[in-house]
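**Q** below are the sequence and a predicted model; questions follow.
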Amino acid sequence: MSPDRRIQSERQRVDEFARRALSALVHNLQLQKKHIQGTQSRLEALSPLAVLARGYAVVTRKDDGSVVSRVAQASDVMNVRVSDGEFEVKHSR
């Protein structure tokens, strides 16, 4: 085989390897992007603001700011945090 022919043949091999490497890289990046998007979606669903947007609220005692998770923890004045803000409530026993 002539030197010119051999050089051309080797160039074609290098070009094919480069094409395959690029294709593999693009495929890997697409997989990583889907993985990141899935993780992002799960994190957004668990976000405290997303939970509030679904209709839940966070109730805290006005006096010490502790979270109220049981009736026995209620105080006379409490703050209620919802998705678009906060308001105060008074508890009558």
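**A** Nice, I can see it.

**Q** how's this structure carved up into domains?
**A** Here the domain assignment for the chain is 1-46, 54-93, based on automatic domain parsing.

**Q** okay, those, which one's buried deepest?
**A** Most buried of the domains of the chain, by mean neighbour count (mean count of other CB atoms under 10 Å): domain 54-93, with a mean of 12. Quick note: C-beta positions are derived from backbone N, CA and C, even for glycine.

**Q** and that one, average pLDDT?
**A** Confidence for domain 54-93, expressed as mean pLDDT, is 92.

**Q** now do that domain: distance to the chain's middle.
**A** Centre-to-centre, domain 54-93 and its host chain are 28 Å apart (CA atoms, centre = their mean, to the nearest Å).

**Q** equivalent analysis for stretch 1-12, please.
**A** With CA atoms, centre = their mean, you get 51 Å for stretch 1-12.

**Q** from now on call the first residue 192
**A** From this message on, residue numbering opens at 192, which makes the last subject stretch 192-203.

**Q** mind listing the strands for the protein?
**A** For the chain, the strands defined by DSSP state E occupy 249-252, 268-273, 276-281.

**Q** in CSV: those, plus distance to I198.
**A** Putting the strands of the chain into CSV (distance: least, CB to CB, whole Å) gives the following:
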stretch, distance to I198
strand 249-252, 71
strand 268-273, 72
strand 276-281, 72
